[in-house]
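Take this sequence and fold it.
(chains A, B, C, D, E, F, G and H, ligands or ions: 10)
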Amino acid sequence: MMHQEIIIAGFGGQGILSAGRLLAYAGMLEKKNVSWLPSYGPEIRGGTANCHVIISEDTIGSPILNSATTLIVMNKPSLEKFENLVVSGGIIISDSSLIDKKSERKDITTYEIPATKMASDMGNTTYANIILLGKLIAKTGVISVESFEQGLKKVLPQKYHHMIPEEIKALEMGMNY
Amino acid sequence: MMHQEIIIAGFGGQGILSAGRLLAYAGMLEKKNVSWLPSYGPEIRGGTANCHVIISEDTIGSPILNSATTLIVMNKPSLEKFENLVVSGGIIISDSSLIDKKSERKDITTYEIPATKMASDMGNTTYANIILLGKLIAKTGVISVESFEQGLKKVLPQKYHHMIPEEIKALEMGMNY
Amino acid sequence: MATVFKKPHALRDVPLHYCPGCTHGIVHRLISEVIDELGIEGSTIGVSPVGCTYNNYLYFNCDMVQASHGRAPAVATGIRRALPDKTVFTYQGDGDLAAIGTAEIVHAATRGEKITTIFVNNAIYGMTSGQMAPTTLLNQVTTTTPYGRKADLHGFPIHVCEMLATLEGTAFIERVSLHDIKNINNAKKAIKKAFEVQLAGKGFSIVEILSTCPSNWGLNPLEAMKWLQENMLPVYQLGNFKGKDLEV
Amino acid sequence: MATVFKKPHALRDVPLHYCPGCTHGIVHRLISEVIDELGIEGSTIGVSPVGCTYNNYLYFNCDMVQASHGRAPAVATGIRRALPDKTVFTYQGDGDLAAIGTAEIVHAATRGEKITTIFVNNAIYGMTSGQMAPTTLLNQVTTTTPYGRKADLHGFPIHVCEMLATLEGTAFIERVSLHDIKNINNAKKAIKKAFEVQLAGKGFSIVEILSTCPSNWGLNPLEAMKWLQENMLPVYQLGNFKGKDLEV
Amino acid sequence: MGEKLLMKGNEVIAEAAIRAGCRHYFGYPITPQTEVAHYMAKRMPKIGGVFLQAESEVAAINMVYGAACTGVRVMTSSSSPGISLKQEGISYIAGAELPAVIVNIMRAGPGLGGILPAQGDYFQAVKGGGHGDFKMLVLAPCSVQELYELTVEAFNLADKYRIGTMILGDGTLGQMMEAVEFKDEENIVHYEKNWATNGTNMERDHNIITSIDTNPEILESWNLRLQDKYKQITENEVRVEEYNCDGADLIVAAYGSVARIVKNVIKMAQKEGIKVGLIRPITLWPFPVNSFEKYAEVTKAFLTVEMSAGQMVEDVRLAVNGKAPVSFYGRTGGIIPTQQEILDKIKSILNR
Amino acid sequence: MGEKLLMKGNEVIAEAAIRAGCRHYFGYPITPQTEVAHYMAKRMPKIGGVFLQAESEVAAINMVYGAACTGVRVMTSSSSPGISLKQEGISYIAGAELPAVIVNIMRAGPGLGGILPAQGDYFQAVKGGGHGDFKMLVLAPCSVQELYELTVEAFNLADKYRIGTMILGDGTLGQMMEAVEFKDEENIVHYEKNWATNGTNMERDHNIITSIDTNPEILESWNLRLQDKYKQITENEVRVEEYNCDGADLIVAAYGSVARIVKNVIKMAQKEGIKVGLIRPITLWPFPVNSFEKYAEVTKAFLTVEMSAGQMVEDVRLAVNGKAPVSFYGRTGGIIPTQQEILDKIKSILNR
Amino acid sequence: MARVIFDEERCKGCKLCTTVCPKKIVIMDTDRLNQKGFHPAGVKEMDKCIGCAFCATICPDCVIEVEK
Amino acid sequence: MARVIFDEERCKGCKLCTTVCPKKIVIMDTDRLNQKGFHPAGVKEMDKCIGCAFCATICPDCVIEVEK
Ligand SMILES: Cc1ncc(C[n+]2csc(CCOP(=O)(O)OP(=O)(O)O)c2C)c(N)n1
Ligand SMILES: Cc1ncc(C[n+]2csc(CCOP(=O)(O)OP(=O)(O)O)c2C)c(N)n1
Ligand code: SF4
Ligand code: SF4
Ligand code: SF4
Ligand code: SF4
Ligand code: SF4
Ligand code: SF4
Ligand SMILES: [Mg+2]
Ligand SMILES: [Mg+2]
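Ligands and ions are numbered 1, 2, ... in the order given. Okay, the predicted model is just below:
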C-alpha cells in the first residue's frame, strides 16, 4: 500500500509551503488520502519554514510527522534539523547550490541537485522547489506528472496559468537530473 | 437557650440597617453569638430596606432568616411582606404613625407604637427606630440597656457621642410605651 | 382644550424605579419624545447598559437589548450591522461608557458606526453606590475617594466629547445638561439631531448629558440640580463639538 | 581612535529575531541609548507587549515583564505604584495599544500614571501576519482588508497622540518617525524627553514612532521606508502634542 | 457531493459557516486561527455579508451577542487567550439564550503560552469558563471534513436550542490541509425567531433580550429553564464515535486530532496482538456518558490521551464511575503525543 | 487575641489583607463585594498603601499582575461577571507563576444574573475558567471569622507556591456582619522573592517575568513544573472540616455559607433520630478527596448541597468514585436553600 | 386657559416641578402621602396656569400632563 | 580618520545602511552569505569613512560599530 511521508524544509520565501501543497493536491487528484501541515508561528520570522505532507492509500492518522520517507531540504539548518527523521531506506533530496554539506547517514539515499542554480539559469529562482519535487516524483512515483499539472491548474490563479509550461519544464528537469 | 431571630424592615433612610446593627453589637457585647445581614441591591433604590439579626446563645447557622421571633416594621409594604414569617407566639412591633394597618394574625402579639410621631416630638424623627428597639428590648430582654449604650459608644463615631443620652432616652420611651 | 404635554408613546406606561429627582427619568422621556417625533419606534432597537438604568428596557416601547457592562457600543454594532435599515441607540452611564467601556466607545466612534449613544454623565457610579467614575470631579468625595478625588492618585476627569471629537468617524457630538428648562429643551434638540444624523447615515453620534445622582451625591434633588450647575458646568463645557451644521 | 558608536549597554548582546529591515530594532536601540544616558538601567522595569516584540524582554538589560495583549499600561501601573522610585516603560504596537488596549492606555494617560509608553505604529498587525490595525491607512490592503481599508466598513485610522492629548493627565506626547537619520535622531530626543518627564514625576509620557513592517507590507526594507514617508507621514503629522517646553 | 478540494481547516470553518447561512462574523486576530478571519474578509463582502474585525475579543463576542439578538446566524473565532477574554460574553449569551457559534482553535497555555496545538481549554469549554450555571454545546471535530460538517451542524444546533455552540479544535486542525468535499446543498434548518429584537414594526409588543432579574424566584425559574434545556440536549444530541471497542483489552478516550493519532496506534497495537478500542467524543458537552458506561463493565482499562495535563479524563472517570481503572497520558506546551508514546503507555497499563 | 468586633464580611477581607501585609489593592466596583474597595479606599492612604480603582476588571487583574511582579503582596476582589473578565489575566498569573490573591464574592448568574448570593462559579474557580492547564488555590470560608483567617493565609500560600489564590465566598458572606476577633499579630511568612522585577540595581542579571516560550519542549517543561507544584499543594495544603461524620447515615458535602445551614440541618435531623454528617471542603482546590474516600466505604449515601445547579457534586462523585450514591440538591438565582428543604431531601434519600 | 393633571401615584415628591413653574403654583401636598410614601406635588390655583409645561418638562417621572 | 566595524553574522542584508552613507561606501557583499543566509553589508573604501555613524544609526540590528 502506497504511503509517503514527506518533509519539505528551507527558508521562508523558497516556496516550501506551496511545493508541499502542490504535492498534496496532486495526490488528492489521484484519489489518495493526503494531508499537509505547515510549520506556523513566529519562527517563520526567523526565516525557516517547513511542511509535512502525507500521501497515502490508507487513511491518515496524524498529519504530524515524527518520521519521513522523504526529506526535501533547501537550506543547511533544515538538513541538520530533519535528517535524522528520515526512515532507514528513505530519501533525502537537497538543493546543493545552497547546502554545502552532505548527510552522513549511510542507510538512506541522497540526491543532490543544484536546483536554485538550475532555476536561476531558467531565469527564475522560484522554480527551484519544483525542480526538487521533480526528483521526488521520479524516485518515488508518489504522483504522476499529469496529476501535478492538473493540480497546478487548480491551485494557481488563472492569471498565472501561463507559467504552467515553465513549471512542468522545471519538474521534468528535476526528474531527469 | 436564648435564641432571637429578628427582622427589621421599612423604607430606606429610616435607620433600619443601623438599628439592626446596634442590636447585634449589643448582643455581641453580651457574649452572645450574633449575625446581621442586610437586604442589598437595587431594591434599595425602590425605597425598601430590611435586615436580619440573629442573637443566640447557640452557634448561628445561616444568617438568613426564613422565619422570625420578632418583626419590627416601619412601613406598610414591609408589614405585608414579612408578617407571615413571624413564628407562632412571636412579636410584631410596628410604627403606627406610618402604618394604618394591623396584622390580622391572632397567634402573635402586636405592639403598635407611634414611634415617628414620638421621635418627631423629641425633635428628630431619626430616633423612631430606637424607640421601636426599646419595645423589643422590653418585651424580649434580648439585650440590656447597658449593652445597648455600650454598643452605641462603639458604633457611633466620637463626634456623635453627644447624641447618646438622647438615644437612650428614645430607647426608654419605647420600653415604657 | 388640547393636550400640550403628555407621556410620549415610545415611553411605556409604567413607573420608573429611579430615586426621587433622578434625571435619568428626564432623559428617558426626551429619547422617547424624539422617537415619537421621528416616527421610528417600530424600527428602533435600544441597548441598555449596566448601571442604574440596566433595566430601562422595561421603559422603552421599541425592541430592547441588555448589554454587558461597557459593551453597549459593541452590542449596538452587532445589531446595526445585522439590521442596516434600522435605528440603534445605546444608553450608557459614565462608568459604563468612560471606564470599562472605553475601548468599545472609542472604536464604535472611530469606525463611524451608525449608532446613537446617549451618554448620561452623573459624575459617579450610581448603581453600585457611589464610587468614583472617570468623570468624577477633582476633590469630589465618593465611596472610593473618601478623601476626595486627587489628580495625582486618581487622575483627572475624562472629557469624553473632547476625546471622541478627535476621531474622524464621529459625525455628531454635543454636550448638554438638564439643570433647567432651557437646557432640557436643548438636550432634546441634541438628541433629535443625533438620531437624525444616524438616519441620514452620516456616522456615529453621541450626546453627553450632564445629570444628577441625588442619592449618591448625598443631596436632595433640588440641591443636586444646583450642584450640577455650580460644579459640573465649569468642568464640562456645554456645546456642540461636531456636526452642528451637518445637513440631515 | 575612540569608539563613537556602539551597542548601548542596556541592549543585550544577542541577535534580534525581527525581519530584515524591521525598524523595531532601531527603536530598541534608541530606548537603550536613552537608558544608558540617563543611567537608569538598574532602576528601570520594562513591559513587553504582545506583538512581534513580545519577547523583547530578551533584549533589554533592565528587568522586564511580559504583559498580556494590550494591557501593558495596566501592568506598568501595577509595577509603578508598587515601586514609586523606579522608572517604568511600556513598549507597544499599534494593535496592542490602539485596538485591544485602548481602555488601558486612555486610563493610564488620564490618571497621569508616571510611566513612559513607546508606541510603535507600523499601521499593521505584524505578529499575526498582517491584519488591519486601528492605524491602518485608508485603502491599505491587509489580510483582513483584502480590498483595502474602507472608511464606511472599517472606520478611520485612529490618531493616538491627538486623542490622548485631550486628557489632562498626559504630560508629554510626541509623534516621530524613523525614515531617515534626522528623524531617527529626533525620535531619540523625544524618547529621552519622555523618560525625563517620568523621572521628574510630571505624569504620563508617550512617544508614537512611525515604523515599518516590510514583511507584512510586502515591500523590501528600502521600499518600506519610502512607503512610510509617502503614505504615513501625510496622515500622521509628526511633532509634539504636549509637553514640548516642560521643564524636566 | 461536489468535487474534493484541498483546504486548510481554518478556511473550511469559514466556508462552512457561509454555507450554513452565516453572514455575520466578528473576530479579532490570533494565531493559530487567523485564516478564518482572512477567509471571511475575502468572501463576506462578495456575498453581502458582514466581516468585522473588532477592537478586541471582548468587543467581538459582544458584537456577536448583538447580531444574535436580531436573529441572524453569527460566528466568532479565536484561540485560547482570546477565548478567556470572551468568558463574560459567553455567559451573557447563555443567560440571554442566544444562538451563536464560537470557534476555539486551541494553542498551548497557560498565559501567553505558545501558538502550537494543545487541548488545554477542555475544562473552560465544557465545565464553564464563565460565571454561573451554564453550558455550551461543544463539538470536537477530528478532520477537515468533519470541521466542515460540524460547523454547519453547529449553526443548526445553536438555533434549535438557542445556545452558544463551540467548535473546539486545535492548531493542527486549523492549520492542516486535507481533502474536503462540500455538499451541493446544506441542510440548513430554519427556526422561528419571534424573540428577536429586529424592530417591532409597530405590529407587536417590544421584544426584550436580557439576562438579569433581581427577583430570585424569577431568576431561578430562568435557571431551571436552562437546566431543562440542557437535559434535553443531553438526551438528544450526544455524538460519539466508537471504534474497535467490542472486545477491546483497553479503550482509549481521545478527541480531535489526538483521536486521529490513536487510530494509528490501534493499528500498531493490532500488529502486536493487542486489541485497543477508541471512544471519540464528538460532542464534548453533552459528554457521551453512555458509551463509557456500556464498556466500563467489559473492558479491562481505559486510557485518556489528551494534549493537556488531564482534563477530559475527569469526565471519563465520572462516566466510568469506578467500574474500571482510568489512566491518563498527556503532553503539553504544544507537543503532540506520538503513536509510539501512546502505544508504550498502553502496553505498560496492560503489563505487556 | 483582641476584642471582638462586629464587622461585615467584605470589610473583614480588606482588613485581613492589610494585616497580612497587603499594601496594594486594585479593583473595580461590583455588588456584592464593593465594601472591600470602600474599606481599602479609606485605609490604604492612611498606611502608605495603594488603593486604585481600575478602569475595568481586566485592567485591575493586570495591575495585580504588574504589582505581583515586583514582589509586593497584592489583591483584587470582584464578583462573578467581573471574575469572568479576569480569566485571561488569571491564566497569565498562573503561567508567570506570580503570587496574588483574588476574591470572588459570588452572585447569581449566568450573564448579568442578579446580585443575590450564589455558588455558580465553582467550576470556573476550581476547574479553570481561563485557558490552559492551571490551577488556583481556592479557599472557601464559611464565617466572617474564617474569612479573616483564610484571607491572611491566602497571602502566605500565594507567596509560598507563587500561585494565584482565590477566596471564594458568596453575597451572604460578604454582606453579613458577625463577630470577628483579630489576632494581635499575624502569622506573616516571608518568602525570598529573588525572581521579582524590582530593578537590577546593576547588581544582578535582569529578571524576566513571562509566560510564553515558542519552543514546545521548554513550554512543556514549564507546564510540568506547574503540575509538580500542584501535586505538592495537593499533598500538603488540603483543608477540610469533617463534622459529625463518624457513623453518619448520610454525609452532606457543602462549602461556604451553605455549610452553615447544613450544620443546623444536622441538629434538626438529630432530633428526628437521623444521623447526618458534613464534609466541608475549606480548600476547594485542592479538593479533600481523602475525606470522601475515607467515608465512602462506610456511609450509605452522600448529598451535595450547593447554591448552583450542581458543580462541586462532580468533585464529590470523582472522590467517592462509585462507592456510594451521591445525590444533589441545589437552588439558583440567588435563592438560599432552607434547612427544611435540605432535611426533606435527606429524608427522601434515606426513605424516611 | 390651561390645566395640569398629576398622576399622583407616580410622584416621588422630588419637588423639581415646584422650582420651574413661572406662576409658582406647583406645590407639594405635605398633608398627604401616596402609596409609595411620598408627598405628591400638585397645583392648587389651577386658574393661574398658563400651560407652559415647564413643570412637566422637568418631571423625571412623567407625572404631569398639560392641557391648553 | 574613521573606521566602521560590521558584526557580519548579525547582518540581515536589509540594505538600510547603504542608503544613508554620505560617502556611499557601504555596500552589500553579494558574493558572500552569512550563516543566516544573508548577503552582509560592509565597507570597501574605509579610508573615505568620515565616522558620521549614519550607517550605524539606521541599522536595526546593531551590526555596526564606529570609531573615529
Ligand atoms: C463586568 C461588570 N463589572 C462591574 C459591574 C458592577 N456595576 C454595575 S453598574 C456599575 C457602574 C454604573 O455606573 P454608571 O455607568 O455611571 O451608571 P449610573 O448607575 O451612574 O447611571 C458597575 C461598576 C457589573 N455589573 N459588571
Ligand atoms: C488576547 C489576545 N488576542 C490576540 C492575540 C494575538 N496577537 C498577537 S500579536 C497581535 C497584534 C500585534 O500587532 P501590533 O500590536 O501592531 O504589533 P506588531 O506585531 O505590529 O509590532 C495579536 C492580535 C493574543 N496573543 N492575545
Ligand atoms: S442612584 Fe443616582 S443615578 Fe441611580 S437612580 Fe438613584 S439618583 Fe439616579
Ligand atoms: S512582521 Fe513586520 S513588524 Fe514584525 S518583525 Fe517582521 S517586519 Fe517587523
Ligand atoms: S404648566 Fe407651567 S404654569 Fe402650569 S403648573 Fe406647569 S409650570 Fe406652572
Ligand atoms: S417633578 Fe414629578 S416626581 Fe417630582 S415632585 Fe414634581 S410631579 Fe412629583
Ligand atoms: S560612518 Fe558615515 S561615512 Fe562611515 S560608513 Fe558609516 S555612514 Fe558611511
Ligand atoms: S542596516 Fe544593518 S542589518 Fe541592514 S544591511 Fe546594513 S548592516 Fe546589515
Ligand atoms: Mg454614573
Ligand atoms: Mg503593528
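
I'd like to know which residues of chain C are adjacent to chain B.
Counting by C-beta under 8 Å from any C-beta of the partner chain, the residues of chain C close to chain B are C:His17, C:Tyr18, C:Cys19, C:Cys52, C:Tyr54, C:Met127, C:Ser215. (C-beta placed from N, C-alpha, C; glycine too.)

which pair in those residues spans the largest distance?
The span of the residues of chain C next to chain B, defined through C-beta to C-beta, is set by C:Tyr54 and C:Ser215 at 15.7 Å.

More neighbours: the two, which one.
More crowded of C:Tyr54 and C:Ser215, by other C-beta atoms under 10 Å in any protein chain shown: C:Ser215, with 24 against 21.

Could you tell me the model confidence score at that one?
Looking at C:Ser215, its pLDDT reads 93.

which SS class is it?
helix (DSSP: H, G, I helix; E, B strand; the rest coil).

So E:Met63 lies in a strand, does it not?
No. Read with three-state DSSP, E:Met63 is helix and lies in no strand.

so what's it up against?
C:Ala74, C:Val75, C:Thr77, C:Gly78, C:Arg81, E:Phe26, E:Leu52, E:Ala54, E:Thr76 (C-beta atoms under 8 Å, 6 or more residues apart in numbering or on different chains).

Who are the packing partners of the helix or strand encompassing the last one?
Using DSSP states H and E, the secondary-structure element containing E:Thr76 is strand E:74-78. The elements that strand E:74-78 packs onto, with contact taken as 3 or more C-beta pairs under 8 Å, 6 or more residues apart in numbering or on different chains; DSSP states H and E, are helix E:9-19, strand E:24-27, helix E:57-69, strand E:100-106.

these two touch, right, G:Asp29 and G:Ala41?
Yes. In this structure, G:Asp29 is within contact of G:Ala41 by C-beta atoms under 8 Å, at 7.1 Å.

Pick out whichever of those two has more residues nearby.
Legend: neighbour count by other C-beta under 10 Å for G:Asp29 and G:Ala41, higher for G:Ala41 (25 against 17).

quick one: that one and D:Glu230, what's the gap?
67 Å (C-beta to C-beta, to the nearest Å).

One more: A:Ala170?
Distance from A:Ala170 to D:Glu230, by C-beta to C-beta: 37 Å.

okay if I get the helices and strands packed on strand E:74-78 as CSV plus distance to E:Asn264 and mean pLDDT?
Formatted as CSV, those follow (distance: least, C-beta to C-beta, whole Å; pLDDT from 0 to 100):
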stretch, distance to E:Asn264, mean pLDDT
helix E:9-19, 19, 98
strand E:24-27, 33, 98
helix E:57-69, 35, 98
strand E:100-106, 21, 98
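
of all these, which lies closest to ligand 2?
helix E:57-69 (5.8 Å; C-beta to the nearest ligand atom).

Any part of that closest one near ligand 1?
No. Judged by C-beta under 6 Å from any ligand atom, helix E:57-69 makes no contact with ligand 1; its nearest approach is 10.1 Å.

Report the buried residues of that helix.
E:57-69 (16 or more other C-beta atoms under 10 Å in any protein chain shown).

Quick check: phi and psi on A:His162?
The phi and psi values for A:His162, taken as degrees, to the nearest 10, are phi -60, psi -20.

and if you look at C:Gln131?
Dihedral angles for C:Gln131 - degrees, to the nearest 10 - are phi -80, psi 170.

For whatever residue of chain G ends up closest to ligand 2, which non-adjacent residue is spatially closest?
In chain G, the residue that lies nearest ligand 2 is G:Pro60 (41.8 Å; C-beta to the nearest ligand atom). Distances taken as C-beta to C-beta, 6 or more residues apart in numbering or on different chains place C:Gly25 nearest to G:Pro60, at 2.9 Å, with adjacent residues excluded.

dump the residue contacts of that neighbour.
Per C-beta under 8 Å, 6+ apart, neighbours of C:Gly25: C:Leu16, C:Tyr18, G:Cys59, G:Pro60, G:Asp61, G:Cys62.

Contacts (any at all) between ligand 9 and the helix or strand containing it?
Assigned by DSSP H and E, C:Gly25 falls within helix C:24-38. No. Using C-beta under 5 Å from the ion, helix C:24-38 stays clear of ligand 9, with a minimum separation of 9.3 Å.
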